[in-house]
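>>> quick one, structure for this:
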Amino acid sequence: MTGGDELSRRTMLASATALALAGTEACAQPTPAPTAQGGRTLVTYFTRSGNTKVIAGTIQRALGAELFEIRPARPYPEDYEETVAQATRERDSGFEPPLAGRVANIASHDEVYLGLPIWGETAPPVIRSFLKAHDLRGKTIRPFITHGGYGLGNSLAVLASHAPGAIIKPPFVMEADQERRTMTQVKGWLGQIQGQE
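Residues are numbered from 1 along each chain as shown. Presented below is the predicted three-dimensional model:
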């Protein structure tokens with residue numbers, strides 16, 4: 001994928017997200033202006049391929065909110081398949097990786113927009129770490145979730161169990177996992193080439 005293709009894909013994703021969010025807001029009750037809301041609102045997210053980051057940026061700009069990227073202390077491998085294997089091991093063992101940092105002023109936020117991709121039919125292990133590391137009791141969590149076509153899995157149950165006392169609202173969900181499809185298409189293409197030789 002060229003830089004231009006990636007930029008175009010992210011632009012389309014941001015546009016689709018903005019339209020979807022605008023449609024959701026049109027049906028909602030009136031809310032305070034973004035500037036009044038922004039000081040009490042946090043947009044936090046974990047991303048690997050960048051899809052969830054695009055959505056987080058769209059929300060953050062629309063609300064004038066604080067933005068925080070969730071990162072493990074030890075980054076996941078750059079290789080996609082290695083990341084999948086590591087995340088599967090972590091999920092199966094219940095491992096919760098240490099975080100690279102925490103939100104210093106979490107108590108000052110009433111509302112937390114939480115962005116995450118679906119990994120192995122659940123929330124990534126680092127999301128469990130983030131939720132356990134922060135006291136979110138009494139706060140409203142608004143999840144925004146990207147997935148590769150397999151749906152939410154048990155991710156909402158993970159949020160409920162790891163953020164006790166939080167008010168978890170229905171999620172914004174978008175299918176946006178181009179990386180897995182690209183890899184499948186490339187492997188299929190290579191298989192065709194090898195089959196012809």
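>>> which residues of this structure fall in helices?
3-27, 34-38, 51-63, 80-93, 125-133, 155-162, 178-196 (DSSP state H).
>>> what's the fourth one packed up against?
Contact here means 3 or more CB pairs under 8 Å, 6 or more residues apart in numbering; DSSP states H and E; on that basis helix 80-93 packs against helix 125-133, helix 178-196. To be clear about C-beta, it is placed using only N, CA and C from the backbone, and glycine gets the same treatment.
>>> flag every buried residue along that helix.
For helix 80-93, burial by neighbour count (16 or more other CB atoms under 10 Å) applies to 83-84, 86-87, 90-91.
>>> so where's the protein shaky on pLDDT?
Applying pLDDT under 70 to the chain flags residues 1-39, 177-183, 193, 197.
>>> is the residue nearest to the spatial centre of it in a bridge, and if so with what?
Geometric centre of the chain, nearest residue: Leu116, 1.9 Å, by CA atoms, centre = their mean. Applying DSSP bridges to Leu116 gives these bridge partners: Ile145.
>>> one step back: closest one of the buried residues of helix 80-93 to Gly149?
Val84 (14.9 Å; CB to CB).
>>> relative to Ile127, how far out is that closest one?
Using CB to CB, to the nearest Å, Val84 is found at 16 Å from Ile127.
>>> repeat that for Gly57.
From Gly57 across to Ile127, the span is 19 Å (CB to CB).
>>> ditto for Ala100
Counting by CB to CB, the gap from Ala100 to Ile127 is 14 Å.
>>> ok, these two, which is more surrounded?
Ile127 (26 against 13; other CB atoms under 10 Å).
>>> who's in contact with the more buried one?
Ile127 sits next to 46, 70, 114, 116, 158-159, 162 when contact means CB atoms under 8 Å, 6 or more residues apart in numbering.
>>> how far out from the middle of the chain is stretch 159-166?
17 Å (CA atoms, centre = their mean, to the nearest Å).
>>> quick one: contacts of that stretch?
114, 123, 127-128, 131-132, 136-141, 143, 168.
>>> and which of these is nearest Pro77?
Of the contacts of stretch 159-166, the one sitting nearest to Pro77 (CB to CB) turns out to be Ile127, at 18.0 Å.
>>> between the contacts of stretch 159-166, which has the most around it?
Ala123 (28 neighbours).
>>> gap between that residue and Asp79?
From Ala123 to Asp79 the distance is 22 Å (CB to CB).
>>> and Val103, by the same measure?
29 Å.
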